[in-house]
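>>> coordinates only, sequence not included:
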């Protein structure tokens, strides 16, 4: 059987993702999540039955017209001369001209190919969605680590304010603001735990689990894969199932046009039989031929419709390819922007914010800075670290979308 490009996701999964399902409470890797989805997702399992139904449909449409056995009784309940019963037994069928059964089978085969392309696209969509939900959990986990640090910082700040308050160098209002800072940090941590529970449930749902049996995912968002140049990615667009589907749609339109052309040739209703005359116990042969009139003129409208649709398909394919290229270009630019933004944050902004916070901490201890200035310095550093996390997560998400457009399995920095 010919290997279709769209099946690369399944082959890559079975060869590279051999890690077993994690035991309860064990961390989950992206490879394990993708493998679980491929093995257990109900949508993918249902697709197998769609494939079987399509194969049966090809067999149905390829069949010729059936033979028909008939019996005709004349003068069954007559009187006088009309009571002489005549019995006719016949065998016949409709003879299709123009190779119609073969063309119907060809139409069903192209429709089956369309179904396979749709299934390939659905499989890649599902893998991409799995990776996106995995990254969402990884991002929230990193946010939780920052929130935990923020809570520890808030507790330290509250301790410093208490010491200054006891020494008469801080007001009661400052102590209240410090306590509020601790409470807000606790509230933020609780909110993140809520997001984590929801995220784990949404991820496990993709492989049919209601209650996830993992507590965390493993992998770092800050490991950025290399960025291919746009030209090389553009060449990979042909691997997108949508491109293969467009070519199949063109072939399907051509076969349907051929089928409508075949309708010009009328089908012949042919039957033969034996007639028995009860009056004198004689028999005779019977031959019946019926040919519909006006088949050519009736087929013109159907043929014109099919021809118009066949000419439409290349234009739709061109429009779809342009849209895919525009989307790919946009995602590639976003990828470059995310990388540059992350580099700027990690190389310049975060170190400067860290230094500013250290200086403010020392100055607050000597009374040179106020509590407001200290909390502002803390907020600046936290915001910069959150922006770096958002940039890294955005890079991973955009990379997944690029892999989806090029017909590849998700490749991100969280595959560790």
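Received the coordinates, thanks. No experiment lies behind these values; they were computed from the predicted model shown.

>>> where do the helices of the stretch 51-200 of the chain begin and end?
100-166, 172-205 (DSSP state H, counting those that start in this stretch).

>>> before we move on, what about the stretch 301-416 of the chain?
Under DSSP H, counting those that start in this stretch, the stretch 301-416 of the chain gives helices at 350-365, 371-405.

>>> which strands and helices sit next to the longest one?
Judged by 3 or more CB pairs under 8 Å, 6 or more residues apart in numbering; DSSP states H and E, the packing partners of helix 371-405 are helix 100-166, helix 172-205, helix 295-344, helix 350-365. In this view, the C-beta of every residue, glycine as well, is placed from N, C-alpha and C.

>>> pick the most deeply packed of these.
helix 100-166 (a mean of 19; mean count of other CB atoms under 10 Å).

>>> that one versus helix 371-405: what angle between them?
170 degrees (axes from the mean of the first three to the mean of the last three CA atoms, to 10 degrees).

>>> averaged pLDDT, helix 100-166. What do you get?
Taken as a whole, helix 100-166 has a mean pLDDT of 92.

>>> also stretch 387-395?
96.

>>> who's in contact with it?
Contact partners of stretch 387-395, identified using CB atoms under 8 Å, 6 or more residues apart in numbering, comprise 135-136, 138-139, 142-143, 146, 221-222, 224, 334-335, 338-339, 341-342, 345-346, 349-350.

>>> picking that back up, want to try a markdown table for the helices and strands packed on helix 371-405, with distance to residue 284 as columns?
Converted to a markdown table, the helices and strands packed on helix 371-405 look like this (distance: least, CB to CB, whole Å):
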| stretch | distance to residue 284 |
| --- | --- |
| helix 100-166 | 33 |
| helix 172-205 | 74 |
| helix 295-344 | 31 |
| helix 350-365 | 103 |
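
>>> how near is residue 338 to residue 199?
21 Å (CB to CB, to the nearest Å).

>>> closest one to residue 57 among the helices of the stretch 301-416 of the chain?
helix 371-405 (29.2 Å; CB to CB).

>>> and that closest one, how far from the chain's centre?
The chain centroid and the centroid of helix 371-405 are separated by 27 Å, computed with CA atoms, centre = their mean, to the nearest Å.

>>> can you give the contact residues for stretch 306-326?
234, 237, 240, 242-243, 246-247, 249-250, 253-254, 256-257, 259-260, 405.

>>> please redo it, this time with the cut-off set to 6 Å
Contact partners of stretch 306-326, identified using CB atoms under 6 Å, 6 or more residues apart in numbering, comprise 237, 246, 249-250, 253-254, 256-257, 260.

>>> same thing with stretch 259-274?
88-90, 92, 94-98, 100, 103, 283, 286-292, 295-296, 299, 302-303, 306.

>>> and that stretch, how far out from the chain's middle?
45 Å.

>>> so which of the helices of the stretch 301-416 of the chain gets nearest residue 152?
Closest among the helices of the stretch 301-416 of the chain, once you apply CB to CB, is helix 371-405, at 11.3 Å.

>>> mind listing what's buried in the closest one?
371, 374-375, 377-378, 380-382, 384-385, 387-405 (16 or more other CB atoms under 10 Å).

>>> ok, stretch 32-51 next?
Buried residues in stretch 32-51 (16+ other CB under 10 Å): 32-38, 41, 44, 47.

>>> stretch 231-239 too?
In stretch 231-239, counting by 16+ other CB under 10 Å, buried: 233-234, 236-237, 239.

>>> hmm, which two among the residues you listed are most spread apart?
Those two in those that are separated most widely, counting by CB to CB, are 234 and 239, at 11.4 Å.

>>> follow-up on the earlier one: any chance of the buried residues of stretch 231-239 in a markdown table, plus distance to residue 70?
Formatted as a markdown table, the buried residues of stretch 231-239 follow (distance: CB to CB, whole Å):
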| residue | distance to residue 70 |
| --- | --- |
| 233 | 65 |
| 234 | 63 |
| 236 | 61 |
| 237 | 58 |
| 239 | 56 |
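
>>> quick one: which of the residues you listed is nearest to residue 56?
Closest to residue 56, out of all of these and judged by CB to CB, is residue 239, at 29.5 Å.

>>> what sits closest to the closest one if chain neighbours are left out?
Once flanking residues are discounted, residue 239 sits nearest to residue 407: 3.1 Å by CB to CB, 6 or more residues apart in numbering.

>>> what pLDDT does the one you found get?
At residue 407, pLDDT is 86.

>>> same deal with the one 3 residues further on?
pLDDT, the model's per-residue confidence, is 77 for residue 410.

>>> which residues touch it?
By CB under 6 Å, 6+ apart, the neighbours of residue 410 are 127, 131, 400, 403.

>>> next: residue 203.
Counted by CB under 6 Å, 6+ apart, residue 203 has contacts residue 133.

>>> now do residue 292
Counted by CB under 6 Å, 6+ apart, residue 292 has contacts residue 266.

>>> could you verify that it is part of a strand?
No. If the criterion is DSSP: H, G, I helix; E, B strand; the rest coil, then residue 292 is coil and not within a strand.

>>> ok, now how distant is the most centrally placed residue in the chain from residue 163?
In the chain, the C-alpha nearest the mean C-alpha coordinate belongs to residue 125, at 1.9 Å (CA atoms, centre = their mean). From residue 125 over to residue 163 the distance is 57 Å, taken as CB to CB.

>>> so residue 221, which state does it fall into?
Assignment for residue 221 (three-state DSSP): coil.

>>> with residue 232 instead?
helix.

>>> please renumber the chain so that the first residue is 788 from this point on.
Let's use 788 as the start, then, which means that last one is residue 1019.

>>> gap between it and residue 1119?
For residue 1019 relative to residue 1119 (CB to CB), the value is 10 Å.

>>> where does this protein have low pLDDT?
Under the criterion pLDDT under 70, the flagged ranges of the chain are 788-812, 864-870, 1198-1203.
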